[in-house]
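>>> what follows is a predicted structure for the sequence shown.
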Amino acid sequence: MPRPISSSPISSSPISSSPIISSSPNSSSPSSGGSLSSSPAAGGSAASSQGSGSAVSGSHASSGRPSSIEPVDVLLIDDRAEDLLTLSHVLAGPEYRLQTARSGPEALKRLLEQDFALILLDVFMPVIDGFELASLIKQRERSQSTPIIFMTAAGSELSQIYRGYSLGAVEYLSKPVDPDVLRAKVRIFADLFRKDQRLERQAEALRQSERRERDVLLTELRHSAERRYLHLAEAVPLSVWTADSQGNLTYTNRYWNTYTGLPLAELRDRSWLEAVDPADRHACAEAWREAIATGQAYERECRLRRASDGASRWHLSRAVPERNESGQLQGWLGTHADIEEAKRAIFARDEFLSIASHELRTPLTALKLRLQSALHAGDLPEKARHRMESAVLQTERLERLIENLLDVSRITTGHLDLESELFDLAEMAQDVTERFREQAARGGTSVELNAPAPVVGRWDRLRLEQVATNLLSNALKFGGGRPIGVAVQGDQAHATLTVTDRGIGIAPENVARIFHQFERVVGHRTFGGLGMGLYIARQIVQAHGGSVEVESASGQGSRFHVILPLNPARA
């Protein structure tokens, strides 16, 4: 008959003394065939060999299990060294890597160091008992799914067993424990852990395989897109090039090579600026350096030399940055579109407008004088007087249109001259506002001026009156009959003239467009005009070294800010 574990008193546990392993015919030692024993000699051996929290390496065969099986980590927690030694002998084998702990704090330290497939936990321990320790283990995310087997003395109260299950225990074993039962229980959870690990490895292998397949597919798609891009670049009648982040060329298409006579082999690690006409090269180089430094798109008109005859033709040069997924600049894509014919057409148009304006101005001035003379004769019937006043207004309108056409011609040819003088911008705004009040009143619109203090600067008064007139004309035209506000304010360096209406407003995508030649907010069938007022206004302000800013949204009116330096450099 196998000898059971001795029942020596346990001073550190409130439970009665009882062996941890039960005595049964099948509970034989892996080495001797006898029952496991915790005799005083064994207890002494445990105290000397185990120490506190040491790892136990199994050297015994485990129930005929194959030695090639993957070992898993099991944590044994008990405040009695002899019980830990006995558990270690029962579970010794290649299936498990056993770690021991003799207190709650030591067990928590083990759990911080590594993960375990299973925890065997004695319920009654000093300082932190098994229930409290299980609660702490389950609160930790990494260990909350680790199965816990509670072990306690036989005859424990049913409430304690229920409490153990409520804290996440998967099994509740009473001491003394049958070795075969213990091995079977541990083996079940170890096998489940191995299966989970295999499934996780298979899932990770599947994810890796999918990532590899996706990378291969993306590489193929990228190569396909690059081939399509190269074919497209070779087919378009434009000069196309690519460059690295520093602006050094990495590719030029066939059209570029033919037009400039500078293939990539001659421009390697050099810039496309080599093909720019020397007269334009410095300005283009400055703008290109700024684009590279800021990572912003580049756009500028310049002349490129044609290799076949040495002629320099106007091109619209564009370069857009290419960025990776994190937004870092990786390179540039550039194009040059020949706009020589368009430039010539614009020049011919402007020349025609200039000639036509001059030719129309002389007879129109004579007609206006005759109408004004007849109007002031004093003997006209009332009906004829109204018609005569209307005719004078129309001639003045035609006169303004002709003057605008002449201004466009001057701006295009660079002959917009400024005659600067020192004057008060607030006083000028008041004069222009007064001239518009009568016209606004006829349409039921009020014009209010807010200029609390003088704002004196050196500008061209007639040109700024023209700017204010154009802005007020637009406000009356598109303001919908609602009140219009004019404001003047200044600081030590700048003056600001603001014109506000509450009319139809401007959509955000149209804000930049309205400052181009012959552009309107809406179609000319709804509102008249040539679409030159804002273009001329901006050109005049820029000639003073200032800017025009817009705040607007569809249906919410518009606010135009004219910002001027008090002492413009050009003036």
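That came through, no problem. Numbers count the residues shown, from 1 in each chain.

>>> please count neighbours and contacts with C-alpha atoms only from this point.
Noted.

>>> so what's the residue count around residue 123?
The burial count assigned to residue 123 is 26, neighbours taken as other Cα atoms under 10 Å.

>>> mind listing what it touches?
Listed by Cα atoms under 8 Å, 6 or more residues apart in numbering, the contact partners of residue 123 are 129-131, 150-152.

>>> try 6 Å
By Cα atoms under 6 Å, 6 or more residues apart in numbering, the contact set of residue 123 is 130, 152.

>>> tell me the mean pLDDT for stretch 224-244?
On average, the pLDDT along stretch 224-244 is 83.

>>> for stretch 99-106, same thing?
For stretch 99-106, the mean pLDDT works out to 90.

>>> ok, now how distant is residue 187 from residue 80?
Going from residue 187 to residue 80 by Cα to Cα, to the nearest Å gives 24 Å.

>>> who has more neighbours out of these two?
Neighbour count, other Cα under 10 Å: between residue 187 and residue 80, residue 80 has more, with 20 against 16.

>>> count of residues packed around residue 342?
By other Cα under 10 Å, 12 other residues sit near residue 342.

>>> now it: which helix or strand?
Secondary structure from DSSP states H and E places residue 342 in helix 340-375.

>>> elements contacting that helix?
Secondary-structure packing of helix 340-375 (3 or more Cα pairs under 6 Å, 6 or more residues apart in numbering; DSSP states H and E): helix 382-412.

>>> and the helix it packs on, what's buried?
Across helix 382-412, burial judged by 16 or more other Cα atoms under 10 Å covers 385, 388, 391-392, 395, 399, 401-409, 411.

>>> next SSE downstream of it?
Next along the chain after helix 382-412, taking DSSP H and E as the criterion, comes strand 421-424.

>>> return the backbone torsion pair for the residue nearest to residue 335 when sequence neighbours are not counted.
Among residues not flanking residue 335 along the chain, residue 240 sits closest, at 4.6 Å (Cα to Cα, 6 or more residues apart in numbering). Per-residue torsions, residue 240: phi -130, psi 140 (degrees, to the nearest 10).

>>> swap in residue 103?
phi -160, psi 170.

>>> from residue 229, how far out is it?
69 Å.

>>> before we move on, what about residue 354?
Applying Cα to Cα to residue 354 and residue 229 gives a distance of 45 Å.

>>> same check, this time on residue 72
Taking Cα to Cα, one finds residue 72 at 55 Å from residue 229.

>>> so for stretch 118-132, mean pLDDT?
For stretch 118-132, the mean pLDDT works out to 86.

>>> centre of the chain to it, how far?
With Cα atoms, centre = their mean, to the nearest Å as the basis, stretch 118-132 stands 51 Å off its chain's centre.

>>> neighbour count winner among residue 72 and residue 229?
Just comparing residue 72 and residue 229: by other Cα under 10 Å the higher neighbour count belongs to residue 72, 18 against 12.

>>> ok, the nearest residue to the more buried one once chain neighbours are set aside - how many residues close by?
Distances taken as Cα to Cα, 6+ apart place residue 96 nearest to residue 72, at 4.9 Å, with adjacent residues excluded. Residues lying near residue 96 (other Cα under 10 Å) number 24.

>>> what's the pLDDT at residue 96?
Looking at residue 96, its pLDDT stands at 92.

>>> next, residue 193: secondary structure please.
helix (DSSP: H, G, I helix; E, B strand; the rest coil).

>>> ok, it - contacts?
Applying Cα under 6 Å, 6+ apart, the residues contacting residue 193 are residue 117.

>>> wait, doesn't residue 553 sit right on residue 503?
No - using Cα atoms under 6 Å, residue 553 is not in contact with residue 503, being 10.0 Å away.
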